[in-house]
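> I'd like to go over a predicted model; first the sequence, then the structure.
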Amino acid sequence: MKFDDILKDVGEFGKYQKAVYFLLCLPSFATGLFMMHLVFVMETPNYRCRIAEYPEDSYGIQNAEHQRFIDMSIPRESDGSYEKCSFYSYTNRTYLMYNSSALKENFTMGDNATLQRCSEWVYEKSVFQETYTSKHNLVCDDAILVSHSRMIFYLGVLVGDIIFGWSSDRIGRKTTMYVGLLLLIAAAFGVSWAPEIISFTILEFIIGGTNHGSFLCTNVLGQEMVGPSKRRYTGTIQHMFFSIGLVYQTIVYYFSRDWQVSCIVLAASCLMFIPFWWLIPESPRWLISQGRNEEANVILQKMAKVNGTKLSPDVVKNLTIKEQKTGSFKDLLKSRTMCIRAAILCFNWMAVCLMYYGVTFNAGNIGDFYLNFFLMGIVEFPGILATIFLIDRIGRKKLHLLCMMLGGVACLCTIFTVTFARETLRPLTITLAVIGKMASSAAFVCVYIFTVELFPTVIRNVALGGGSCFARVGSMIAPYFVTLGMTIGGSIGEALPLVIFGATSVVAGLMCLYLPETLNQRLPETIEDGINFGRTSNKKTLVVEKNGIDETQRNLVADALENDDL
């Protein structure tokens, strides 16, 4: 008897699993709180050089005299905006200031002056009272440090996935999840008082690793508690909690407008999960794999009792779960066909993640910061639900291609709305960016399922691991494209990041035309099956069990939805 058969006997998704699963969804909510928090924490408000001779200098214009002081001190860009990193230094600057010469109508800006780099700045406070960037002046020559910190955060996600995956198989899903959760809370509180960029970035690395690592543990634990026929629904629910976390985060930052206060509030919100230690059980499947059948039996008996079913203790007593043999990365490279398919899917993983995170990081550059980010959290709901509804109807390949092309073309179209009518068509620009975010969110589900079904069983985990690594590469490079756009400035700088994200998405989508459809096809088991998969002579449709999908394929699709890798 297999463990899934036991779950069918006690109830695949009974009262017990529903209660436990709800508790497991809350850490997914926490993932949403921190997975994008650097968008707010390290946002760069509008700024310019501080005028040293004007003691009460601020970014906003205070009066006519202040306006004249600014005009005399700060050069302008070609578009009329103030230069951010330079100021005019006059030979007798103090005399000019206090002799009111700055107010003379015949005074020519920049006469008898040299252009110098500034070391102090003033910041606009209409969107944020303070961000980490404005507090520590990470602008001008130090602006690249913002992108570096964001990149290192997602490097932490990659490292955390590896460490937490290894740890959860050795010390347990529950223990690993809670160790990660406690480290996350500690680092989130600590980052609020990070005195300089190095300690801040180290703490962000820890937040990235523990945040997503804990999320993966909750996914696995939830998957192993629920029967195979229900996993697709629970996977969708768990992702919805992630999206709720994104929306909640936006609300917190909107009302506080201060990065430090918001970080403390978000960290404190995670404290509610600590008492769940006494309510959430360890995975009985993992306990059996470790030979701890008695402990697993206690959990399963409690599950059966709450669900109103019965389970014989003898069923669990002698049950063992054998570790399946898996292939290696070398096996993935044994044929030209699988190499090409792996390269295409890895590029798609990267492109999806690049658009997903890039569009979000760019939210503040195309209009109202909070409204844009709020919308980008909300649109994940229809994106994921539509994918779940359509993926078994029109196929993995067609739906993934549709998502990539829709998101890519939407982002590419922003070059027209920004170039020809930047302000007039700004609502359309925002709409196109939001469509890109929704499409990339849906494409995550598609590419995960596509990867699961396209590669043979013996190297399936290797293929998924490779795809996940490339996804993290996409999230790590996304901030640099956003910074590039901000550096260029103007309408070109506003459109450039979205054009890059869109072009990458379109190219990735077109590459998928080379891949075979996997819907209603028998999943490959061996390397030879993987090589021959999709060829005309081997394209045999199964006698399907339900809704056009055999039992094995349904289970793998469910597992994929449960573990989507945002």
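Alright, I've got the coordinates.

> measure residue 455 to residue 473 for me?
Remark: distance between residue 455 and residue 473 (CB to CB, to the nearest Å) = 20 Å. Heads up, the C-betas are built off the backbone N, CA and C, glycines and all.

> Of the two, which one has the most company?
Set residue 455 next to residue 473 and count neighbours by other CB atoms under 10 Å: residue 455 wins out with 30 against 18.

> Let me see the contact set for the more buried one.
By CB atoms under 8 Å, 6 or more residues apart in numbering, the residues touching residue 455 are 332, 338, 341, 342, 462, 463, 524, 530.

> domain parsing for the protein?
Listed by automatic domain parsing, the domain ranges of the chain are 1-44+141-323, 47-124, 326-566.

> lowest-confidence stretch among the ones you listed?
Of all the domains of the chain, domain 47-124 carries the lowest average pLDDT, namely a mean of 76.

> Return the distance of that domain from the chain's centre.
41 Å (CA atoms, centre = their mean, to the nearest Å).

> just stretch 273-292 next, same as before
27 Å.

> List the buried residues in it.
Neighbour-count burial for stretch 273-292, counted by 16 or more other CB atoms under 10 Å, picks out 273, 276, 280, 281, 282, 283, 284, 285, 286, 287, 288, 289.

> those strands in the stretch 251-400 of the chain, which residues are they?
Secondary structure of the stretch 251-400 of the chain (DSSP state E, counting those that start in this stretch): no strands present.

> Now do the helices in it.
Per DSSP state H, counting those that start in this stretch, the stretch 251-400 of the chain carries helices over the ranges 259-269, 284-289, 293-307, 313-317, 329-332, 336-361, 369-378, 380-394, 396-420.

> quick one: buried residues of the longest one?
Of the residues in helix 336-361, 338, 341-342, 344-361 count as buried by neighbour count, 16+ other CB under 10 Å.

> quick one: that helix to helix 369-378, angle?
In terms of direction (axes from the mean of the first three to the mean of the last three CA atoms, to 10 degrees), helix 336-361 departs from helix 369-378 by 140 degrees.

> Now residue 346: closest residue in space, sequence neighbours ignored.
Spatial nearest neighbour of residue 346, chain neighbours left out: residue 470 (4.3 Å); criterion: CB to CB, 6 or more residues apart in numbering.

> oh sorry, the question was meant for residue 511
residue 344 (4.7 Å).

> got the contact list for that neighbour?
By CB under 8 Å, 6+ apart, residue 344 lies in contact with 508, 511, 512, 514, 515.

> Dump those into a markdown table; add neighbour count as well.
Formatted as a markdown table, the contacts of residue 344 follow (neighbours: other CB atoms under 10 Å):
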| residue | neighbour count |
| --- | --- |
| 508 | 27 |
| 511 | 18 |
| 512 | 22 |
| 514 | 13 |
| 515 | 20 |
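
> ok, of these, which one's closest to residue 184?
residue 508 (31.8 Å; CB to CB).

> a strand runs through that closest one, doesn't it?
No. Membership of residue 508 in a strand is not supported by DSSP: H, G, I helix; E, B strand; the rest coil, which gives helix.

> Residue 484: neighbour count?
Neighbours of residue 484 (other CB under 10 Å): 14.

> returning to what we had before: format the helices of the stretch 251-400 of the chain as CSV; extra columns: distance to residue 216.
Shown next, in CSV, are the helices of the stretch 251-400 of the chain (distance: least, CB to CB, whole Å):
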stretch, distance to residue 216
helix 259-269, 20
helix 284-289, 14
helix 293-307, 21
helix 313-317, 26
helix 329-332, 21
helix 336-361, 16
helix 369-378, 21
helix 380-394, 18
helix 396-420, 23
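
> Nearest to residue 224, out of those helices?
In terms of CB to CB, the element of those nearest to residue 224 is helix 284-289, at 4.2 Å.

> what comes into contact with the closest one?
3, 168-169, 172-173, 224-225, 293, 295-296, 299-300, 303, 316, 319-321, 323.

> Pull out the buried members of those.
For the contacts of helix 284-289, buried by 16+ other CB under 10 Å: 3, 168, 172-173, 224-225, 293, 295-296, 299-300, 303, 316, 319.

> of all the domains of the chain, which lies closest to residue 131?
Using CB to CB and comparing these, the one that lies nearest residue 131 is domain 1-44+141-323, at 4.8 Å.

> For residue 133, which of the domains of the chain is the nearest?
domain 1-44+141-323 (4.9 Å).

> The residue nearest to residue 346 belongs to a helix, doesn't it?
Yes. Looking at residue 470 with three-state DSSP, it is inside a helix.

> Please tell me I have it right and it contacts residue 342.
No. Counting by CB atoms under 8 Å, residue 470 stays clear of residue 342, with 10.0 Å between them.

> Let me know the closest of the buried residues of stretch 273-292 to residue 386.
Out of the buried residues of stretch 273-292, the member with the shortest distance to residue 386 (by CB to CB) is residue 273, at 30.3 Å.

> Next one: the closest one relative to residue 281, how far apart?
15 Å.

> Kindly report the same for residue 119.
Counting by CB to CB, the gap from residue 119 to residue 281 is 57 Å.

> Then residue 200?
Distance from residue 200 to residue 281, by CB to CB: 37 Å.

> my guess is residue 131 contacts residue 259, does it?
Yes. If you go by CB under 8 Å, residue 131 and residue 259 touch, sitting 4.8 Å apart.

> Would you mark the buried spots in stretch 302-321?
Under 16+ other CB under 10 Å, the buried positions of stretch 302-321 are 303, 304, 306, 307, 311, 316, 319.

> Let me know the helix or strand that the closest residue to the third one other than its chain neighbours is in.
Yep, that's residue 306 we're talking about. If the residues on either side of it in the chain are set aside, residue 306 comes closest to residue 16, at 3.9 Å by CB to CB, 6+ apart. Using DSSP states H and E, residue 16 sits in helix 15-34.
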